[in-house]
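Engineer: take this sequence and fold it.
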Amino acid sequence: MMHDAVIIGGGHNGLVCAFYLAAAGWKVAVLEKRDKVGGAAVTEEFHPGFRNSLAAYTVSLLNPKVIRDLDLAGHGLKIVERALANFLPLGDRRYLKFGAGRTKDEVAKFSARDAERLDAYEARLDVLADILRELALEAPPNLATGSPLKIIGEIFKSGRLGNRLRRLGIERQRDLLEIFTASAGDYLDHWFESDPIKAAFGFDAIVGTYASPYAPGTAYVLLHHCFGEVNGRKGQWGHAIGGMGAISEAMARAAKARGAEIRVSCAVKEVLIEKGRAAGVVTQSGELIRARVVAANVNPKLLFSDLVARGALSNDFQERMEKYRCGSGTFRMNVALSELPDFTALPGRDLAEHHTAGIIVAPSLAYMEHAYFDARRFGWSKKPVIEMLIPSTLDDTLAPKGGHVASLFCQHVAPSLPNGESWDAHREEVADLMIATVNAYAPNFKASVIARQIFSPLDLERTFGLVGGDIFHGRLDLGQIFSARPVLGHADYRAPIPGLYMCGAGTHPGGGVTGLPGHNAAREILRDS
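Structural biologist: Reported below is the predicted structural model:
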C-alpha cells in the first residue's frame, strides 16, 4: 500500500506533522517504536496507583496556534496554571516565591534595588520573547543551493527578517545580539545583585543544557524558556490534567480524526532510498512501507547515523552530523510520596501554594556553576541542581487519596561517565543523592518516598531516543540554532536526500513540547507537493 507520507516517531511533533498533512488530504502513517504514542511526553503508572509524566513534565511552550488548529481542548486536553510559578527554599531558612503580582514584594526581601529593576528586566525579555514567538512559526532563512527560484526565495526571506529586525531599533537589536551570545550569568549580573533572584531566573538558562550558567550562549536558553504561555497568559507555566501524555493523546485523536493511521510497537530499521530519493521505510520486522515522503521525528544524529545508509550522504554532511552536539546533563526521577514535603524554610505538610510551584534547589549561580564543574570532573554534581514539581497538587488523577507524585528534574550529570563507566552501575547511587539533596531542604522527604523511577542519561537515550539524555534533540547554542539547526543548508526541514524531511526538535525552533517543528515541517512538505 502506497502512502503519501510516513512519519518516523510518534512523539508530539510527529503527531502534529501528521495532523497537518492528513488535514490536507494526505494518506499518512505514523510509526512509533514504543507501545504508546508521545515519545518523551507520556504519562504512565510507575508504582501501583501512582502515575506521572515520565520525562517531559510541565507545560508552557506548547504553541497556541497548534492548540487551536488541532482543537486539543475539543479532544480532551485541559491545562491548569500553577498557584505559584516558582519557589526557592534557601538553606538559611529564607525563601523566595515567584508568581503573578507577588514577585516584586518577594524580591524586595532580598534587594530593594532588584525589586525596582524587575519590571524593566521583564519588559526587556518580553520584547525579545515576542520576536522569538514570531520567528518560531517560520522556517529560518536557509543557506540555499539549487534552483535560482529557491535561492531568490531565501534572499527574500532573509530580507523580510532583516526588515523586521530593523524596525526594532538599534537598542533592541543590541539586546538581541547580547541575548544570543552572552552567558546567562553575565546577563543577570548586569541586572541584579541578589543571589536568589539571579538563581531563580538563571535556572531556566541551564534547563536541558550541560553547561555553566556563565557559558556563552546560555542567555539564549534562558530566553527560549520565556516565549511560552498558558491559557493566553504569556510566560506562565502549567500542568496538563492527566500528565504530559494527555497532550500526546489529544494530538493523536486529532490526527486520527483527520484520517491519519498511527501504529505503535513499530520501530523503523531504515529509510528506503531508491534512485537517490526517499521512497519509504523498512521496519524492524522487515515490513516495507512505501511513501512519497518520509518525515523523521527523531534526533538528527540518530536519523543520519542509524536510519540512512552512509553512502547516501556527502562526507561533509556525515561528518557534521557525527559532531552534532547532544547531551543535556539531565537525570530524571519520578517518586511516589506518602505526604507532601515539609520545608524548613516554609514549614507545613498541608497543601499550600508553594507545593504547586516549580521548587528549585539551587540558591545561586555559583552553586549551579559548581554543579557543572563537579559533573565534568566526577560524573555528577556533588550538590546537584534540582527542580521538583508535585503535579498531584493540581491533578488528583495521578495519585491515590493522601498520596502524591513528584517529578525531579536533576542537573548536572555527565552524559557519558568518566573512564568509560556505565550509568547502569551508578544510577541508584545518584538517585540516593538527589533524594538526600531535597531532604536537606525538606527533612521529611526521604522518609515519604514510597517508590521511585529513575532515568539516567543512558536510560533516557535507550527509552526515548534522547541521545546523551538530550531533551532538546541537540544543544541550543549559537552553532545549532535557527539557520544552523541542525546544520547550515538544511534549516528548512529538508534533508539532503529528496523526499526526506525532519520534523523533530532537532530542527528550528528546537526543544520543548511546542509542536512547532512538526507544524513548520508539514508546511514545507505541503509547499513541495
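Engineer: packing partners of the helix ranked longest in the chain?
Structural biologist: For the chain, the helix with the greatest residue count under DSSP state H is helix 112-136. Under the contact criterion of 3 or more C-beta pairs under 8 Å, 6 or more residues apart in numbering; DSSP states H and E, helix 112-136 touches helix 103-108, helix 148-166, helix 170-181, helix 184-191, helix 218-224. Backbone N, C-alpha and C define where each C-beta goes, glycine included.
Engineer: lowest mean pLDDT across those helices, which one is that?
Structural biologist: Of all the helices and strands packed on helix 112-136, the minimum mean pLDDT falls on helix 148-166 (a mean of 55).
Engineer: if I look at Phe373, how far off is Val413?
Structural biologist: From Phe373 across to Val413, the span is 13 Å (C-beta to C-beta, to the nearest Å).
Engineer: can you check Val16 too?
Structural biologist: Distance from Val16 to Val413, by C-beta to C-beta: 30 Å.
Engineer: could you do Phe201 as well?
Structural biologist: Distance from Phe201 to Val413, counting by C-beta to C-beta: 23 Å.
Engineer: repeat that for Ala129.
Structural biologist: From Ala129 to Val413 the distance is 29 Å (C-beta to C-beta).
Engineer: more neighbours: which of those two?
Structural biologist: Set Ala129 next to Val413 and count neighbours by other C-beta atoms under 10 Å: Val413 wins out with 29 against 20.
Engineer: which ones are touching Thr283?
Structural biologist: Leu31, Cys266, Ala267, Val268, Lys269, Ile289 (C-beta atoms under 8 Å, 6 or more residues apart in numbering).
Engineer: show me which of those residues is closest to Val430.
Structural biologist: Nearest to Val430 among those, counting by C-beta to C-beta, is Ala267 at 29.0 Å.
Engineer: what's near enough to touch that closest one?
Structural biologist: Ala267 touches Leu31, Lys33, Thr283, Gln284, counting by C-beta under 8 Å, 6+ apart.
Engineer: how does the protein divide into domains?
Structural biologist: Domains of the chain are assigned by automatic domain parsing as 2-41+60-79+241-325+468-528, 99-236, 326-465.
Engineer: any idea how far apart the tips of the last one sit?
Structural biologist: Using C-alpha to C-alpha, to the nearest Å, the gap from the first to the last residue of domain 326-465 comes to 12 Å.
Engineer: give the rounded mean pLDDT of stretch 358-372.
Structural biologist: On average, stretch 358-372 scores 97.
Engineer: what are the pairing partners of the helix or strand harbouring Lys97, and which direction each?
Structural biologist: Remark: Lys97 resides in strand 95-98, with elements defined by DSSP states H and E. Applying DSSP bridges, strand 95-98 is found paired with strand 86-89 (antiparallel).
Engineer: burial of the closest residue in space to Leu307 that isn't next to it in sequence, as a residue count?
Structural biologist: Leaving aside its chain neighbours, Leu307 sits nearest to Val271 (5.1 Å; criterion: C-beta to C-beta, 6 or more residues apart in numbering). Neighbours of Val271 under the rule other C-beta under 10 Å: 25.
Engineer: return the distance of the strand or helix carrying Val271 from the chain's centre.
Structural biologist: If you go by DSSP H and E, Val271 is part of strand 268-274. Its chain's C-alpha centre and that of strand 268-274 lie 28 Å apart, by C-alpha atoms, centre = their mean, to the nearest Å.
Engineer: quick check: next helix or strand after it?
Structural biologist: strand 277-283.
Engineer: parallel or antiparallel, which strands does that following strand pair with?
Structural biologist: Going by DSSP bridges, the partners of strand 277-283 are strand 268-274 (antiparallel), strand 288-296 (antiparallel).
Engineer: now render these as a markdown table, adding mean pLDDT.
Structural biologist: Formatted as a markdown table, the strands paired with strand 277-283 follow (pLDDT from 0 to 100):
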| stretch | mean pLDDT |
| --- | --- |
| strand 268-274 | 97 |
| strand 288-296 | 98 |
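Engineer: closest one to Phe343 among these?
Structural biologist: Nearest of the strands paired with strand 277-283 (C-beta to C-beta): strand 288-296, 44.2 Å.
Engineer: what residues sit buried inside that closest one?
Structural biologist: Neighbour counts using 16 or more other C-beta atoms under 10 Å place Ile289, Ala291, Arg292, Val293, Val294, Ala295, Ala296 of strand 288-296 among the buried residues.
Engineer: name the residues that touch the strand holding Lys97?
Structural biologist: Contacts for strand 95-98 (C-beta under 8 Å, 6+ apart): 84-90, 103, 106-107, 109-110, 196-197, 200, 343, 345-346, 353-354, 357.
Engineer: what's the weakest-modelled helix or strand in this protein?
Structural biologist: Within the chain, confidence by mean pLDDT, DSSP states H and E is lowest for helix 148-166 among all helices and strands, at a mean of 55.
Engineer: ok, Asp186 - contacts?
Structural biologist: Tyr214, Ala219.
Engineer: contacts for stretch 310-327 next, please.
Structural biologist: 210, 273, 276, 299-301, 304-305, 415-416, 457, 467-470, 473-475, 477, 479-480, 486-487, 496-497, 506.
Engineer: which of the residues you listed fall within strands?
Structural biologist: Per DSSP state E, strands hold the following members of those: Ile273.
Engineer: what residues are up against Val37?
Structural biologist: Val37 touches Gly10, Gly11, Leu15, Val30, Ser248, Glu249, Met251, Ala252, Ile262, Val264, counting by C-beta under 8 Å, 6+ apart.
Engineer: could those residues be laid out in a markdown table, adding secondary structure, distance to Gln453 and neighbour count?
Structural biologist: Shown next, in a markdown table, are the contacts of Val37 (DSSP: H, G, I helix; E, B strand; the rest coil; distance: C-beta to C-beta, whole Å; neighbours: other C-beta atoms under 10 Å):
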| residue | secondary structure | distance to Gln453 | neighbour count |
| --- | --- | --- | --- |
| Gly10 | coil | 21 | 27 |
| Gly11 | strand | 19 | 31 |
| Leu15 | helix | 24 | 33 |
| Val30 | strand | 26 | 30 |
| Ser248 | helix | 18 | 28 |
| Glu249 | helix | 20 | 24 |
| Met251 | helix | 24 | 32 |
| Ala252 | helix | 23 | 25 |
| Ile262 | strand | 26 | 21 |
| Val264 | coil | 21 | 16 |
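Engineer: which one of these is nearest to Arg332?
Structural biologist: Closest to Arg332, out of all of the contacts of Val37 and judged by C-beta to C-beta, is Gly11, at 16.0 Å.
Engineer: ranges for the strands of the stretch 251-400 of the chain?
Structural biologist: Secondary structure of the stretch 251-400 of the chain (DSSP state E, counting those that start in this stretch): strands at 261-263, 268-274, 277-283, 288-296, 331-337, 358-361, 380-389.
Engineer: other SSEs contacting the longest one?
Structural biologist: Translated: strand 380-389. So strand 380-389, by 3+ C-beta pairs under 8 Å, 6+ apart, packs with helix 195-206, strand 358-361, helix 365-378, strand 404-413, helix 427-439.
Engineer: and it, which residues are buried?
Structural biologist: Trp380, Ser381, Lys383, Pro384, Val385, Ile386, Glu387, Met388, Leu389.
Engineer: equivalent analysis for the second one, please.
Structural biologist: Applying a neighbour-count criterion of 16+ other C-beta under 10 Å, the buried positions in strand 268-274 are Val268, Val271, Leu272, Ile273.
Engineer: would you confirm that the second one contacts Val308?
Structural biologist: Yes. With contacts counted by C-beta atoms under 8 Å, Val271 reaches Val308, the gap being 5.2 Å.
Engineer: who touches both of these two?
Structural biologist: Ile497, Leu500.
Engineer: which secondary structure state does Ala246 sit in?
Structural biologist: helix (DSSP: H, G, I helix; E, B strand; the rest coil).
Engineer: and it, what does it touch?
Structural biologist: Thr43, Gly76, Leu77, Lys78, Ala240.
Engineer: make TSV out of those residues and add secondary structure, pLDDT and distance to Leu313.
Structural biologist: Below are the contacts of Ala246 laid out as TSV (DSSP: H, G, I helix; E, B strand; the rest coil; pLDDT from 0 to 100; distance: C-beta to C-beta, whole Å):
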residue	secondary structure	pLDDT	distance to Leu313
Thr43	strand	98	37
Gly76	coil	97	41
Leu77	coil	97	39
Lys78	coil	97	44
Ala240	strand	96	38
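Engineer: right, I'll leave it there.
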